[in-house]
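Pasting the sequence and the predicted coordinates here, then a few questions.
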Protein chains: 6
Amino acid sequence: MTSSNRPSGRAHDELRDVRIERRYTKHAEGSVLVSFGDTRVLCTASVDNKAPGFLRGKGEGWVTAEYGMLPRATNTRNDREASRGKQGGRTLEIQRLVGRSLRACVDRKALGERTITLDCDVLQADGGTRCAAITGAYVALCDAVAWLKSRGEITRDPILGAVAAVSVGIWQGTPVLDLDYREDSGCDTDMNVVMNDGGGFIELQGTAEGHAFRREELDALLELAGKGVNELIALQRAALAA
Amino acid sequence: MTSSNRPSGRAHDELRDVRIERRYTKHAEGSVLVSFGDTRVLCTASVDNKAPGFLRGKGEGWVTAEYGMLPRATNTRNDREASRGKQGGRTLEIQRLVGRSLRACVDRKALGERTITLDCDVLQADGGTRCAAITGAYVALCDAVAWLKSRGEITRDPILGAVAAVSVGIWQGTPVLDLDYREDSGCDTDMNVVMNDGGGFIELQGTAEGHAFRREELDALLELAGKGVNELIALQRAALAA
Amino acid sequence: MTSSNRPSGRAHDELRDVRIERRYTKHAEGSVLVSFGDTRVLCTASVDNKAPGFLRGKGEGWVTAEYGMLPRATNTRNDREASRGKQGGRTLEIQRLVGRSLRACVDRKALGERTITLDCDVLQADGGTRCAAITGAYVALCDAVAWLKSRGEITRDPILGAVAAVSVGIWQGTPVLDLDYREDSGCDTDMNVVMNDGGGFIELQGTAEGHAFRREELDALLELAGKGVNELIALQRAALAA
Amino acid sequence: MTSSNRPSGRAHDELRDVRIERRYTKHAEGSVLVSFGDTRVLCTASVDNKAPGFLRGKGEGWVTAEYGMLPRATNTRNDREASRGKQGGRTLEIQRLVGRSLRACVDRKALGERTITLDCDVLQADGGTRCAAITGAYVALCDAVAWLKSRGEITRDPILGAVAAVSVGIWQGTPVLDLDYREDSGCDTDMNVVMNDGGGFIELQGTAEGHAFRREELDALLELAGKGVNELIALQRAALAA
Amino acid sequence: MTSSNRPSGRAHDELRDVRIERRYTKHAEGSVLVSFGDTRVLCTASVDNKAPGFLRGKGEGWVTAEYGMLPRATNTRNDREASRGKQGGRTLEIQRLVGRSLRACVDRKALGERTITLDCDVLQADGGTRCAAITGAYVALCDAVAWLKSRGEITRDPILGAVAAVSVGIWQGTPVLDLDYREDSGCDTDMNVVMNDGGGFIELQGTAEGHAFRREELDALLELAGKGVNELIALQRAALAA
Amino acid sequence: MTSSNRPSGRAHDELRDVRIERRYTKHAEGSVLVSFGDTRVLCTASVDNKAPGFLRGKGEGWVTAEYGMLPRATNTRNDREASRGKQGGRTLEIQRLVGRSLRACVDRKALGERTITLDCDVLQADGGTRCAAITGAYVALCDAVAWLKSRGEITRDPILGAVAAVSVGIWQGTPVLDLDYREDSGCDTDMNVVMNDGGGFIELQGTAEGHAFRREELDALLELAGKGVNELIALQRAALAA
């Protein structure tokens, strides 16, 4: 393990303490509190026995996501989006990403004409909320699918494989895994990587915040991300087996 | 203790299991998770060193509240208010009530020209969310005030006394204390009572849902509410002493 | 009659001059201008031969209310809500109260699958607009129901009894009836009481604006409210008989 | 006087019964209820001692208007604009017209850095609401200016002359004056004409609803409008002298 | 030709250089870039095989318009209406005018149950955008109708005649045709005239911006407008024949 | 050059016909019509001599972007965002991307306390609008900066280097450059790559639309993107030199 001078004191390729707590609330068909260190996101999966309008009568289902952050999840209070009367661009961007990522692991024909909505609400933020949301929402989705199967509403398993996400970045010249807020703020490059359990890429979103990043930096970041996602998928499996 | 046939099996004058957990999240100046049985509300207090516009230059502070419910806090999913683009009437009504109730226990001159915002977000709903919100927000407010005092920003204590709230109703002819969702749905009359530690009334909101309620029923409900608020204030004290 | 030093010069238990003028505008099925002193509210009842979506096919009707205030109904001009793009919390709170109060006196099965909307628009405000709205809307509702009966559209009378509302408060230590704006602004406690003609309570909304109110004060306020509502119901009857 | 077969039975060049009632409500600096037959519009003038942002520091004032219609001013209920969350195109169009028309008779330098807002709210509609609004708002504006003069806030009279408006149209081939709703609905051409007391045109808005109108029809309509505006200005004068 | 001192150097009755470019974009059923001098408006016609809700089942079609201006179509940047969250009053007023003007030349029964939407987007503004929009949209509408005919979807021609529009105004005492931005800003009176190819008036909207205009001025303006519209209709014909 | 069976008939590494037309409209400080084949985007740069609020007094400027699509830029008409009352998630996502990409090539201190807004409006869409927008907006930005320099308002050049963007994807197993709409719809993977003239990455956004993409596919795509961006930067230079 390479030494690094990360503010968090972690090794450059070390995840934060990740916890996945199922059945966190009682009403939802799937309810998971996921923590990546001090980042805590409540992910619930809600089953609706209707497909959205654009899919009616096509024998397919839909998986979608919504994202929110409690006003004081962050260090300084943010205006409540419900009170401002609209969701900001960052929120919309994240919930679109979460929805696409989860649809990538679902056989929508096997799901049938129903909609599963993943609500990802950040109770406490410390960097990496979108990656935590994807990682936790996958587990909530599995629980909702299991609930459907237990009631005999679906027979074929619509889950095609596991999906998880992690952020990587370049901290003072060193590629590091799973940035917390302090690291994220100081990074030159920040990338969110969504992968499946076959090692394939589902989404890749990289942004140069200081200097543009070079191909060899990108290679190192992708390597780290692959390692991190593998560990996250093992944690998802363990949680689902519990 | 009178026997009752409440769905919850509780005695007619028995509160649910109430828990008050301080420092639930790390960023806010006050952060409390309050549970009234299965109702769980996260109450954070955020300090802003500015008074709102209508008070600038008057040497007084302000205390206000916002209320929200996660989409799947309830049995069936509700649309996210941020996504619908406005807060509903029920939300606005509740947050106005929470704000007024807490201002009733604050000396706004002693607070000085600053604003404390209480965000009350329902993680799980099972009846009585507005009463839980008031009861928990009081504790978060005390923590925020203590934080201000610890930094020497205020010297005189702006907290005039304790405030708590409880619901009461008439279940099949019997007045009962602290309704859960099932009881609330089946009640003829539903009343929310906000009181202080001196036994005074701060807010009283009663609604006849079936037949109109009579004066003697009202008297019995107020008696129960007084008992419940006393117990809640004792729990607040214990939590603040912890 | 106890003496009082009310700004209005009225006895402590004296209503303002109340007038109920039916058929104030010509298009609505019921149209009432109600005045509580200088407070003037136009209440129209509009019949729609459809139940709202959540009641379709259930053989029941609905009664609902909307509330508005002309921009210069008050001493200083308020922004027009249509131009600001949303109804404020106070408006939503009042229209929900008016709707609930009137539904309490209606047999919705007897009404059949139709909706009656009560629009309460304040032409001039001088305190007590929500109570005037409820009191006047009841008369407009009766006229709309009479119109339905005269056309043979309903046979069974859906009106279960009369409903009226009045405010009470504590002015310089004395409980007083039917507050005008000046009195309301100076009151320690302000309560709106909605009752039926059987003396039952339909809604009770009390707010301590200065010190918390005590049980014996509450008792005195409820006594006054009962007296006021009785007089208002007599005035409603007289208007409907005219 | 030419005979006509107008639904209203009026002569082709005959106004409806026009009434102008000053001091209709008590708070506004000018408050006028204007009736053109069954069309009734409440026009209030509110003085604000600030010019709008784009005029600050220029030594000039502003006159503006807002228009609204109570939901049941019309034969079938319209949605409340405040509740729909926006003003419709027709509303915006009318209030822009009213504002421009009244600014045409005001010396904005003499008014000084203040804003007068004319709120025109239709209590009952029977055609011609925008013309009634302009005609009534002029009187409310004069009252507000008189109020300013009586307090010594302005010295030079900012009113340059009178303004009034009337609609004209072609009913079954005959040009007619001051259309009521039934006539308006059946007209091929509908024109709103705003003029001053010098016989000059301030606004002219004509719309062919059936066949396009020809130049000689236009000439006849303008003649009628001139006659109608003259009579309206005489009625404004009489009201202001009362 | 009378001499004039117009800023543009044009004769008082001279149009700007007008160009009508068909098939400007490839997706729309009709797509026209119309230029009145430096004013450039892209007009597209989109066919939808559904009538709007209020016409369903009536065997009639609908023609409607929307209007927009790119933020930097003008000399200083205007806020984007999509980002402000609503269309301004001027925009709504113009798009209602464009829609009415084009419906005046369409036999809606012959169109059948379909909707044609004319989108008029101003790429560059230099005065007279609404007149250019009407003039160009007519040509786009013709192309969309030709497209429908070429596919055999309609058999009877729904176009009743040509429609075009031009502005006229009084520049330093002289009536002038087709105002550019500089002239428009300096004009005392500004009138938009929509006419058909039979010389009939469809819409007339005149506004006195300085002194009220007199009858003889109006006569001169209408004369000029008639001449201008005739020339525009000839240009429309030439474009459609190309 | 590898053969491919792209619907467009282009070689797998072949850009569409790209044109960059400066001074397309006359008011903006920079105005560029950029075409990537049938995709046409109008990019204007507007200079405002104020920094946004969060930068006031910091001696730095800001570069931001807004994105829009005309309703009929696409094959079927989309609702106008201004009329729906909000910008969609895709729009917000794109304009945030364009803004970040251009800020990456600007020395904001050298720009001084001013804001340059890049409006990117799609006149015609055929895939790749966001990449065309970035590529064209860079040229508009250069023109606006040149305008500032020509007026002596800035002395140091704030442009740090060139920025351009291109999409790449996997079409039936073959990595291809610069997708048009038909190719984009049929691609398994779609990636937008923003790079600078030093070969560094500024933004990377890849989405697996069918199967997840593998590392070697990603490598091939990045190779192609590098080639495409190089060619685009050469075209930008040629346009700026013209």
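Right, received. Where do you want to start?

Helices of chain A, residue ranges please.
For chain A, the helices defined by DSSP state H cover A:81-84, A:89-103, A:108-111, A:129-150, A:181-186, A:215-241.

got the residues of chain A near chain D?
Counting by C-beta under 8 Å from any C-beta of the partner chain, no residue of chain A lies close to chain D. Every C-beta, even on glycine, is put in place using the N, C-alpha and C of the backbone.

helices and strands of chain A: which one has the lowest mean pLDDT?
Using mean pLDDT, DSSP states H and E, the weakest-scoring helix or strand in chain A turns out to be helix A:181-186, at a mean of 91.

which helices and strands sit right next to that one?
On a contact count with 3 or more C-beta pairs under 8 Å, 6 or more residues apart in numbering or on different chains; DSSP states H and E, helix A:181-186 meets strand A:163-171.

got the buried residues for the strand it packs on?
A:163-171 (16 or more other C-beta atoms under 10 Å in any protein chain shown).

tilt between it and helix A:215-241?
Put simply, strand A:163-171 runs at 140 degrees to helix A:215-241, going by axes from the mean of the first three to the mean of the last three C-alpha atoms, to 10 degrees.

The residue in chain A that chain C sits nearest to: neighbour count?
Of all residues in chain A, residue A:85 sits closest to chain C, at 7.4 Å by C-beta to the nearest C-beta. Neighbours of residue A:85 under the rule other C-beta atoms under 10 Å in any protein chain shown: 18.

And it, how far from residue F:85?
Distance of residue A:85 to residue F:85, given as C-beta to C-beta, to the nearest Å: 10 Å.

Same question for residue A:38.
With distances taken as C-beta to C-beta, residue A:38 is found 37 Å from residue F:85.

can you pull the contacts of the residue of chain A found nearest chain E?
Here chain A gets closest to chain E at one residue, residue A:86, 7.4 Å apart by C-beta to the nearest C-beta. With contact taken as C-beta atoms under 8 Å, 6 or more residues apart in numbering or on different chains, residue A:86 is in contact with B:82, B:85, E:85, F:86.

Which members of the residues you listed define the maximum pairwise distance?
Maximum pairwise distance among the contacts of residue A:86 (C-beta to C-beta): 14.5 Å, between B:82 and E:85.

If we ignore the residues flanking it in sequence, what's nearest residue A:96?
Nearest non-adjacent residue to residue A:96, counting by C-beta to C-beta, 6 or more residues apart in numbering or on different chains: residue F:89, 5.3 Å away.

Hmm, the one you found is touching residue A:97, no?
No: applying C-beta atoms under 8 Å, one finds residue F:89 not in contact with residue A:97, separated by 10.2 Å.

More neighbours: which of these two?
When residue F:89 is set against residue A:97 and neighbours are counted by other C-beta under 10 Å, the residue ahead is residue A:97, at 25 against 16.

Give me the pLDDT for the residue with the largest distance to the centre of chain A.
Among the C-alpha atoms of chain A, the one farthest from their average position, using C-alpha atoms, centre = their mean, is that of residue A:57, at 30.2 Å. Listed pLDDT for residue A:57 reads 91.

That one: what's it in contact with?
Counting by C-beta under 8 Å, 6+ apart, the residues that residue A:57 touches are residue A:113.

likewise the one 10 residues further on?
Contacts were defined as C-beta under 8 Å, 6+ apart; by that measure residue A:67 touches A:91, A:94-95, A:98, A:120-122, A:130, A:133.

mind redoing it with 6 Å?
A:91, A:94-95, A:120 (C-beta atoms under 6 Å, 6 or more residues apart in numbering or on different chains).

My read is that residue A:213 contacts residue A:189, right?
Yes: Residue A:213 is within contact range of residue A:189, at 4.4 Å (criterion: C-beta atoms under 6 Å).

just to revisit the earlier point, what lies in contact with the least confident helix or strand of chain A?
Residues from elsewhere that reach helix A:181-186 (C-beta under 6 Å, 6+ apart): A:7, A:126-127, A:171.

can you rerun that using 8 Å?
For helix A:181-186, the external contacting residues (C-beta under 8 Å, 6+ apart) are A:6-8, A:75, A:125-128, A:167, A:169, A:171-172, A:176, A:190.

Just give me the neighbour total for residue A:199.
12.

I meant residue A:126, not that one.
Taking other C-beta under 10 Å as the criterion, the count of residues near residue A:126 is 25.

per-residue confidence at the residue lying closest to it once chain neighbours are set aside?
Of all residues not flanking residue A:126 in the chain, residue A:38 sits nearest, at 3.8 Å (C-beta to C-beta, 6+ apart). If you check residue A:38, the pLDDT there is 98.

Enumerate every residue touching the residue lying closest to residue A:34 once chain neighbours are set aside.
Nearest residue to residue A:34 in three dimensions, chain neighbours excluded: residue A:136, at 2.9 Å (C-beta to C-beta, 6+ apart). Shown in contact with residue A:136 (C-beta under 8 Å, 6+ apart): A:20, A:32-34, A:41, A:43, A:120.
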